[in-house]
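K.L.:
Here's my sequence, what's the structure:
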Amino acid sequence: MQETQYLRQEIEKLKESVYKDELTHAYNRKWLHDTHLDPLGNTFVHNGTLAIIDLNYFKQVNDTHGHIIGDKVLIFLTNELKKLKIPVIRYGGDEFIILFGDSVSEEKASSFLNTIRENVLGKKLKAHNDTFRVSFSFGVTKFKKNDLLPQVIEVADKNMYNDKIEIKKRVTGI
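P.N.:
I've put the predicted structure just below:
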């Protein structure tokens, strides 16, 4: 029994090393593909709502405060997104995906993300003797079983781009 328990713990550790982003401890693309997509194609195995999130002015953060601070900003944002109590996926450098269940409408997902964004904007981050703020933009779209991931992301990306235009009118830098 003890050996079985030990082996289960080892399997969980291996899964974590395969499925988690080393920096942020968010899930990675492999986890997304292995848990939500058909292994034979790039299609979803269920219905839901996808949100794609992109940090605004992230290059400015790195250029002004350095990559160590940039990494801390990514960890900070991940922890804020995890407050939704659903898996957060680091999709690219400063891009994240959240998959809401089918019962969450685009409006509700947007409301959740707007709340988090306002909380993030309300916090001053510190780097050396300087303080700064970060923000993010997001795009949300519904998807259905058998929809292709790239097509769903394309729609969410378009919505994110529109959001980015609006938020950058309000937040002009870090």
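
K.L.:
At which residues are the strands of the protein located?
P.N.:
Listed in chain order, the strands of the chain (DSSP state E) span residues 48-56, 88-90, 95-100, 125-127, 130-132, 135-143.

K.L.:
Indicate which one of the ones you listed is closest to residue 23.
P.N.:
Proximity to residue 23, assessed across the strands of the chain by C-beta to C-beta, is greatest for strand 88-90 (7.8 Å). To be clear about C-beta, it is placed using only N, CA and C from the backbone, and glycine gets the same treatment.

K.L.:
The closest one packs against which elements?
P.N.:
helix 29-36, helix 67-81, strand 95-100 (3 or more C-beta pairs under 8 Å, 6 or more residues apart in numbering; DSSP states H and E).

K.L.:
Spit out the contact partners of the residue lying closest to residue 64 once chain neighbours are set aside.
P.N.:
In space, and not counting its chain neighbours, residue 64 is closest to residue 174: 6.7 Å by C-beta to C-beta, 6 or more residues apart in numbering. By C-beta atoms under 8 Å, 6 or more residues apart in numbering, the contact set of residue 174 is 57, 60, 61, 64, 132, 133, 134.
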